[in-house]
Every structure is written in C-alpha cells, then in structure tokens.
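J.: based on what follows, work out the 3D shape:
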Amino acid sequence: MRAVEFQKFGGPEVLQVIEVPVPEPGTGEVTIDVAYAGVNFADTKARADGYRVPALPFRPGLEVSGRIRAVGAGVEGLRPGQEVAALTAHSGYAEVALAPASTVFALPRGVPLRTGATLPTVLPTVQALVHEIGRLRAGETVLVQGAAGGVGTVAGQVARLGDAGAVYGVVSRPEKVEEALKYGYDEVFVSDDFAEGVRRATGGRGVDLALDPVGGDTLRRSLDSLARFGRLVSFGNASGAEPWHVGQPELYPRGLSVAGFSILTLAQDDPETLRTIAEKSFLLAATGKVELPITAELPLEQAAEAHRLMDTRTTTGKLLLRVKGE
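T.: Numbers count the residues shown, from 1 in each chain. As a prediction, the model looks like this:
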C-alpha cells in the first residue's frame, strides 16, 4: 500500500510516498481503508521539529475517515465495512491506517466520509474548550485566536450555540477576516491589534473566555484581554515560543484562571472521556447545527504540497488528503 513517510526533519520536501506492507490489527485494534486523512498543524510540527516523533523514519497523520477493513481480538461494537472516523497515533497518511478501537468512532447517519475526516480532532476539541474546560455560560463573551482555521471556524459556531453574548475572533492576516465572519463571530480582529480591538468592543471590560492555540506573546495578550474572573484555555503553541509561566502577579488582581487542553493526550490517557465528548460533539455535525468548512483537498501523493500550504499560514478551514474518496 501507499503511505507517506519522512526520514529526516525539514521542510515539506522531506515527505515521500512509499510502498509498505498493509498493517494487521492486534488485540484491541482495527484497520481502516482510508478515504480521507485530515492535515493538522501537529503533523507539520512533527515533520519540522520532531513533535511527538519517537524515532525516524516516521509516518504522519492523526485523523482519518474510511471503512473498517479488519478488527482485532477483543474489539466490540465495530465491524468490517462500517464507516468510521478515527484518531490515530501516527501513520494516517496511508491507504490503510491502524488505530486503537478506543479512538474509532462510528460516523453518525448522514455524515459523509469527506466530512468525517474533519471530526476527530476539531469537534471534540471545540466541545472541550467551550464547555468542558471553558464552562461557557449564557451571555458571556468569547475570544478565539485562529478564528479562520479548522478549530476556529467551529469554535465560533459552538460558542454562538452556547448562547454567548458576543463572540470575537482573531486572525493572522487581513484577508482572513471575511472568511471568519461567516462562522458566528460578531467582530474579527487582525492579530497585531486584537487587544485594542477587544477593549474597544467590550467597553474596556474584556472577555469572559479566551481560547488560544498560538502561545507566546499572543497568549499573554489573550490573558490581558480577560475580564475580571475570566478564563483562558491554552490548547497549542503554534508560535513555537518558549514555555510560558504565569503566576500570582497576573492572576490574583482580577481573579483569572488558566487551563490547558490536548486532545492527543486525552486520547492516550483517557479514551473513555474522549469518546463521551466526541459522541456529544459529533451530533452537532449530524444535525447540521455546525458547518465544518473544507477549503482544500489534495490527493495523497501531494502531501508535501498540503504541508507547504499549511506552512504559509494562508489556509482557512480544514485541509484534507484524499486517499480513496467516498
């Protein structure tokens, strides 16, 4: 079968399509004939910086949709031929992917495989950020960094469904503002001046909940944008900045709270909680309450081009690799 691999760290050009044996499921595992694979920022970090790469060579890919090919011993509730979405530890950029049964989810009725590939990382992440960790209450205000991205476009919609009083977004480029505004945002700011925009929009009060995948200086400015008793949830470090520290001087005066989230760690450490969150959030797609925009789709052999697009930070919505299609 075909799979994508890199043998050294570097730019998109290190990704190669190779021929490898078809994997067989072990106990508690399933194999999936992949229709689509989601492309995530974590994949580009793995390729460039070795993020979550235990050894080389390495095959990237953290989420897929497709049909179950085979099930291993001890697997219940899943069957060959069933249409599913799955989180994979790695190696999702392939014609056949191997995944723990605990992170394989039956697709809700009416959700096509193409949409299914956007579900495993985006919807559970947004559900956790807005409700499980962020604990959004009706009437509260929300600020979302990366508002035009895969998570950001859905976060705006979910916050609106949660009866947020106002939802503000931040994007990296002026040309992304119009795209983000389609997905539940009242106003969208460009990253260089978002703190000033938040103060103006909220009459100097700040927001109740801020969601930040960027880290570094952006995270600190998100913290500064909080209202009294506000909450900040960090769920990434796209900036590549050094680990940040926050303590009494920043938190005590306004009673602020800071939390963190990683869906990959949750999948590894507590798959049952992930399943509960995923099943709840997938209903939003099944009932048409949220739209998951797919703004680019490339064939598997163009994985390097997909990574190049992500590296330019010009993409919006979700980026997919088409393996076998519907």
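J.: mind listing the helices for the stretch 101-250 of the chain?
T.: 113-116, 119-127, 150-161, 177-180, 194-201, 216-224, 248-251 (DSSP state H, counting those that start in this stretch).
J.: got these as JSON lines, with mean neighbour count and mean pLDDT columns?
T.: Any C-beta I mention is one placed from the backbone N, CA and C, and that applies to glycine too. Shown next, in JSON lines, are these (neighbours: other CB atoms under 10 Å; pLDDT from 0 to 100):
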{"stretch": "helix 113-116", "mean neighbour count": "21", "mean pLDDT": "96"}
{"stretch": "helix 119-127", "mean neighbour count": "26", "mean pLDDT": "96"}
{"stretch": "helix 150-161", "mean neighbour count": "26", "mean pLDDT": "97"}
{"stretch": "helix 177-180", "mean neighbour count": "18", "mean pLDDT": "96"}
{"stretch": "helix 194-201", "mean neighbour count": "18", "mean pLDDT": "96"}
{"stretch": "helix 216-224", "mean neighbour count": "19", "mean pLDDT": "94"}
{"stretch": "helix 248-251", "mean neighbour count": "11", "mean pLDDT": "92"}
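J.: out of the ones you listed, flag the one nearest residue 46.
T.: Go through the helices of the stretch 101-250 of the chain one by one with CB to CB and the one that ends up closest to residue 46 is helix 119-127, at 13.9 Å.
J.: tell me which other helices or strands that closest one touches.
T.: For helix 119-127, the elements it packs on are strand 63-71, strand 83-87, helix 150-161, helix 263-269, helix 271-286, judged by 3 or more CB pairs under 8 Å, 6 or more residues apart in numbering; DSSP states H and E.
J.: and the helices of the stretch 101-250 of the chain as CSV, adding distance to residue 324?
T.: Formatted as CSV, the helices of the stretch 101-250 of the chain follow (distance: least, CB to CB, whole Å):
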stretch, distance to residue 324
helix 113-116, 9
helix 119-127, 18
helix 150-161, 22
helix 177-180, 29
helix 194-201, 41
helix 216-224, 38
helix 248-251, 50
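J.: closest to residue 93 out of the ones you listed?
T.: The nearest among the helices of the stretch 101-250 of the chain, by CB to CB, is helix 119-127 at 14.4 Å.
J.: possible to save the helices and strands packed on helix 119-127 as JSON lines with distance to residue 168?
T.: Below are these laid out as JSON lines (distance: least, CB to CB, whole Å):
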{"stretch": "strand 63-71", "distance to residue 168": "28"}
{"stretch": "strand 83-87", "distance to residue 168": "30"}
{"stretch": "helix 150-161", "distance to residue 168": "9"}
{"stretch": "helix 263-269", "distance to residue 168": "23"}
{"stretch": "helix 271-286", "distance to residue 168": "21"}
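J.: out of the ones you listed, flag the one nearest residue 48.
T.: Here helix 263-269 is closest among the helices and strands packed on helix 119-127 (CB to CB), at 17.0 Å.
J.: count of neighbours near the residue nearest to residue 13 when sequence neighbours are not counted?
T.: Of all residues not flanking residue 13 in the chain, residue 304 sits nearest, at 6.0 Å (CB to CB, 6 or more residues apart in numbering). Using other CB atoms under 10 Å, residue 304 has 19 neighbouring residues.
J.: ok, residue 304 - contacts?
T.: Residue 304 sits next to 12-13, 15 when contact means CB atoms under 8 Å, 6 or more residues apart in numbering.
J.: may I see the PyMOL selection of the buried members of those?
T.: Buried residues among the contacts of residue 304 (16 or more other CB atoms under 10 Å), as a PyMOL selection:
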select buried, resi 12+15
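J.: for residue 150, state which of the contacts of residue 304 is nearest.
T.: So of those, ranked by how close each gets to residue 150 (CB to CB), first place is residue 12, at 18.5 Å.
J.: I figured that closest one hits residue 60, correct?
T.: No - Residue 12 lies out of contact with residue 60 (CB atoms under 8 Å); the separation is 11.2 Å.
J.: pLDDT score for residue 315?
T.: Residue 315 carries a pLDDT value of 85.
J.: so where's this structure uncertain?
T.: Across the chain, the ranges flagged by pLDDT under 70 are 326.
J.: where is the longest strand in it?
T.: In the chain, assigned by DSSP state E, the strand with the most residues is strand 29-39.
J.: alpha carbons of that strand, in CSV - could you do that?
T.: These are the backbone C-alpha positions of strand 29-39, laid out as CSV (Å, rounded to 0.1, in the frame of the first residue of the first chain):
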residue,chain,number,x,y,z
GLU,A,29,-7.1,-2.5,17.3
VAL,A,30,-8.8,-2.0,13.9
THR,A,31,-7.5,-1.3,10.4
ILE,A,32,-9.3,1.2,8.2
ASP,A,33,-9.4,1.6,4.4
VAL,A,34,-8.8,5.3,4.4
ALA,A,35,-11.0,7.6,2.4
TYR,A,36,-9.6,10.9,3.6
ALA,A,37,-6.9,12.0,6.1
GLY,A,38,-7.0,15.3,7.9
VAL,A,39,-4.0,17.5,7.8
